[in-house]
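Trainee: Sequence first, then the predicted structure:
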Amino acid sequence: MNPLLFPIRPLAALTVGAEMALDAETLASTQAILDDVRSGGDRALRRRIAQYEHRTPHRVLFDRNALEAAFGRLSNAHQGLLRRTADRIDRFARGQRACLQTMEMAIPGGRAGHRIAPVRRAACYAPGGRFPLPSSVLMTAVTARAAGVETVWVVTPSADEIMLGAAFVAGADHLLWAGGAHAIGAVAYGTDSIPAVDVIVGPGNRWVTAAKHLVSGRVGIDMLAGPSELVVVADGSVSPDLIAADLLGQAEHDPDARPIVVTWEAAGVSALNEALDAQLRDLPTASIARAALQNGGVVVCADDAAVTAAVDALAPEHLELLGERAEKLAGTFAHYGGLFVGAGSAEVLGDYGAGPNHVLPTGGTARFSGGLSVFDFLRIRTWMRIDDPVDSQPLVHDAEALAGLEGLAAHGRSAQRRRIGNGGGGPDITE
């Protein structure tokens, strides 16, 4: 008997080694590329494009006018598709932005609060290896614009007109036609023709991920993205054909993708495998999807609590809930990137612009991070103003006392200058 394509596997087999890891060789090679671009500027960037992207870099940059021209050459159908998708992403992102407001409150002797400001420049990376991915251009650049970023760059190894048109619709000011670590280095450090940005966002291959890791601190980054993940929670009421279609929708991303089913019932595993086999027969991306299925499997749980525990241990990028228990279970999970509740809420609809962002945490990082949002482009800047020296005395005395505990004498003296003397005078700031 042939082994099952998608077998039952223990949870431990699916959680061990799932975290995103960058090997030392990749990091060292990436650092060398970054150093070259940092010191060599445009010439180094073009040399690396020729080396790694196998093309003569006659043109590297597209300005707003060039993006608009590319958009104009698209069919009416494609123009409408890009505009509708961008609009849905924009409305959701602006809804998120509206949740975050300036704040002001009283403190002893004055007022304090925070103000919100977007970064000035952002670079939005969009992969474009086997196929152009205009959805990633829209997800990243539209969100940056909704946050109020002043200058938005799209960075991509694809100059397909649908990518250029998507950059125009998203509101990008410039597009850098380059991918990989050298492209990340160019926008992180700047070159003769490219200004250094403040934030770099968007998913990419391991070289992009390694480069983002190495430049973080000099620039802000959203996350370190790994292979795509989908966990489908389903009971026996769900069609095996539907589950198979959703699993393959993620599996075709990459041979390293991780499709997983969590269920209460082992009886449906054979039917699921039959559905997978049937759908793979005419799937153009079958070789990729078959490889990815080997990274996943079916986890069988005894009860609802075990299902919740299994999902939280996996902390998946995408969590899809199908079947009669979907609504009941939706609020029980602690760790996931994006949640899709009910048979109509296909994860692919989230991929393609229902509204929420599709750039989501992978490799278990949903335990401590969320998906890309306007918040990745915003800075929360606090302020305070003390204008009543009498009311501020509790702060002054406590600051002086804490400085004494920590052995920071100059801190204490600075606070002491604001102490009101026995005669009732104000802070000693006029000597």
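Mentor: That came through fine.
Trainee: contacts, neighbours, all on C-alpha from now
Mentor: Will do.
Trainee: All the helices of the stretch 251-400 of the chain, residue numbers only.
Mentor: 269-280, 286-293, 304-314, 326-329, 347-351, 393-406 (DSSP state H, counting those that start in this stretch).
Trainee: What residues of the fifth one count as buried?
Mentor: Of the residues in helix 347-351, those with enough neighbours to count as buried (16 or more other CA atoms under 10 Å) are 347, 350-351.
Trainee: returning to that earlier point: and residue 54, which of the helices of the stretch 251-400 of the chain is closest to it?
Mentor: helix 286-293 (23.3 Å; CA to CA).
Trainee: Now do that closest one: distance to the chain's middle.
Mentor: Put simply, helix 286-293 sits 24 Å off its chain's centre (CA atoms, centre = their mean, to the nearest Å).
Trainee: what does that helix contact?
Mentor: Helix 286-293 is contacted from outside by 5-6, 248, 251-259, 280, using CA atoms under 8 Å, 6 or more residues apart in numbering.
Trainee: same thing with stretch 198-218?
Mentor: With CA under 8 Å, 6+ apart as the contact definition, stretch 198-218 has outside contacts at 22, 26-27, 30-31, 34, 119-127, 136, 140, 179-181, 184-185, 187-188, 219-226, 359, 372, 377.
Trainee: taking the residues you listed one by one, which sit in helices?
Mentor: Those of those mapping onto helices are 26-27, 30-31, 34, 136, 140, 180-181, 184-185, 187-188, per DSSP state H.
Trainee: Kindly give a single ChimeraX line that selects the buried subset of the residues you listed.
Mentor: Here is the ChimeraX command that picks out the buried ones among the ones in helices among the contacts of stretch 198-218, judged by 16+ other CA under 10 Å:
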select :27,30,31,34,136,140,180,181,184,185,187,188
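Trainee: In JSON lines: the ones in helices among the contacts of stretch 198-218, plus distance to residue 320 and pLDDT.
Mentor: Formatted as JSON lines, the ones in helices among the contacts of stretch 198-218 follow (distance: CA to CA, whole Å; pLDDT from 0 to 100):
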{"residue": "26", "distance to residue 320": "33", "pLDDT": "94"}
{"residue": "27", "distance to residue 320": "34", "pLDDT": "96"}
{"residue": "30", "distance to residue 320": "35", "pLDDT": "98"}
{"residue": "31", "distance to residue 320": "38", "pLDDT": "98"}
{"residue": "34", "distance to residue 320": "38", "pLDDT": "98"}
{"residue": "136", "distance to residue 320": "21", "pLDDT": "97"}
{"residue": "140", "distance to residue 320": "23", "pLDDT": "98"}
{"residue": "180", "distance to residue 320": "31", "pLDDT": "96"}
{"residue": "181", "distance to residue 320": "33", "pLDDT": "98"}
{"residue": "184", "distance to residue 320": "33", "pLDDT": "98"}
{"residue": "185", "distance to residue 320": "36", "pLDDT": "98"}
{"residue": "187", "distance to residue 320": "36", "pLDDT": "98"}
{"residue": "188", "distance to residue 320": "36", "pLDDT": "98"}
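Trainee: between the ones in helices among the contacts of stretch 198-218, which is nearest residue 230?
Mentor: Using CA to CA, the ones in helices among the contacts of stretch 198-218 come closest to residue 230 at residue 136, 17.9 Å.
Trainee: Contact partners for the closest one?
Mentor: The contact partners of residue 136, by CA under 8 Å, 6+ apart, come to 125-127, 202, 358-359.
Trainee: From those, which land in strands?
Mentor: Under the assignment DSSP state E, the contacts of residue 136 contribute residue 125 to strands.
Trainee: Can you tell me which of the contacts of residue 136 is closest to residue 235?
Mentor: residue 358 (25.8 Å).
Trainee: what's the domain layout of this structure?
Mentor: For the chain, automatic domain parsing gives the domain ranges 11-19+226-356, 24-224, 388-431.
Trainee: nearest to residue 363, of the ones you listed?
Mentor: Closest to residue 363 of the domains of the chain, according to CA to CA: domain 11-19+226-356, at 4.1 Å.
Trainee: Between the two ends of that closest one, how far is it?
Mentor: 29 Å (CA to CA, to the nearest Å).
Trainee: tell me the mean pLDDT for that domain?
Mentor: Domain 11-19+226-356 shows an average pLDDT of 95 in the prediction.
Trainee: follow-up on the earlier one: identify whichever of the helices of the stretch 251-400 of the chain lies nearest to residue 13.
Mentor: Here helix 304-314 is closest among the helices of the stretch 251-400 of the chain (CA to CA), at 10.7 Å.
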